[in-house]
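**Student:** sequence first, predicted coordinates after that:
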Amino acid sequence: MDVKGYPGNIEEIAGRPFEFCYTRGKERRHSNVKKIPTIYLRDEKGNLTGERNPACESAFDGTVFATRKYDGTCVRIKDGVLWKRREVKKGKPDPQAFVLSEEDPNTGKRFGWVMCDRDDPGDAYHWEAFDQHGGWEDGTYELVGPKVQGNPEAFQKHDLVFHGRSMLGKISPSREKLATYFKEHPYEGIVWWACENGKEWPVAKIKAKDLGIERTPLA
């Protein structure tokens with residue numbers, strides 16, 4: 001199947017090795033794209049506890065840096081090709097040319113990517129944002145704008161925000177300090193990144209709502 005806007009056949013493109021960049025520098029750390037773990041564990045009801053998530057220990061050692069998490073929808077650009085995130089529930093068939101990146105062993109949900117299609121009305125806002133600029137860097141982005149998730153980020157037009165670009169500096173992972181920070185800064189959340197040998201990758205996240213804090217709408 002050919003997709004308007006891309007050379008070649010979608011099945012051939014989708015079948016190539018699928019790697020991601022979670023970095024802002026020239027040297028990129030590639031890995032399979034997986035959901036970033038929340039910095040604290042949850043109880044059986046899904047509520048955040050005060051227990052550190054063992055998968056996020058590096059976020060507590062003082063060597064990581066924090067970035068702002070935007071509330072939109074995740075996309076990916078690789079070699080000039082635009083992909084959108086897709087979740088497939090257990091028992092449901094995969095979309096055509098679906099590229100799997102992760103499967104949740106508890107829920108059976110599968111997470112992956114499908115290429116955006118210029119003939120698909122559902123991809124119109126993706127293309128509106130993509131076409132604003134040229135020379136996109138490979139990596140993952142957040143699609144934001146007036147018609148995305150109710151536009152909590154108050155963007156005037158659709159755009160792509162490179163993950164890891166909105167630096168917040170050093171932010172303590174203490175629950176109490178995070179609660180204070182979110183009360184003073186109306187952000188959706190924070191993502192902590194590790195850095196080693198010029199390469200960067202996300203290690204933990206938290207959202208304001210995880211701490212019971214209602215986000216103040218941006219003007």
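**Tutor:** Looks like it arrived, so ask away. Because the structure is predicted, anything quoted here is derived from the model rather than measured.
**Student:** how near is the residue most central in space within the chain to residue 126?
**Tutor:** Residue closest to the average C-alpha location in the chain (C-alpha atoms, centre = their mean): residue 74, at 4.9 Å. According to C-beta to C-beta, to the nearest Å, residue 74 and residue 126 sit 11 Å apart. The C-beta positions use only the backbone N, C-alpha and C, and glycine is treated the same way.
**Student:** anything in contact with each of those two?
**Tutor:** Shared contacts of residue 74 and residue 126, defined by C-beta atoms under 8 Å, 6 or more residues apart in numbering, are found at 84, 143.
**Student:** average pLDDT across the longest helix along the chain?
**Tutor:** In the chain, taking DSSP state H as the definition, the longest helix is helix 175-184. For helix 175-184, the mean per-residue pLDDT is 95.
**Student:** what's the next secondary structure element after that helix?
**Tutor:** Later in the chain than helix 175-184, the nearest helix or strand by DSSP states H and E is strand 189-196.
**Student:** so what's the gap between that following strand and the chain middle?
**Tutor:** Distance of strand 189-196 from the chain centroid (C-alpha atoms, centre = their mean, to the nearest Å) equals 12 Å.
**Student:** and the contacts of stretch 68-83?
**Tutor:** Looking at what lies outside stretch 68-83 - C-beta under 8 Å, 6+ apart - the contacts are 6, 13, 19-20, 33, 84-85, 99, 113-116, 126-127, 130, 136-145, 148-149, 152-153, 160-161, 166, 168, 187-191, 205, 207.
**Student:** of the residues you listed, buried ones?
**Tutor:** Neighbour counting by 16 or more other C-beta atoms under 10 Å classes 6, 13, 20, 33, 84-85, 99, 113-116, 126-127, 130, 136, 138-145, 148, 152-153, 160-161, 168, 187-191, 205, 207 among the contacts of stretch 68-83 as buried.
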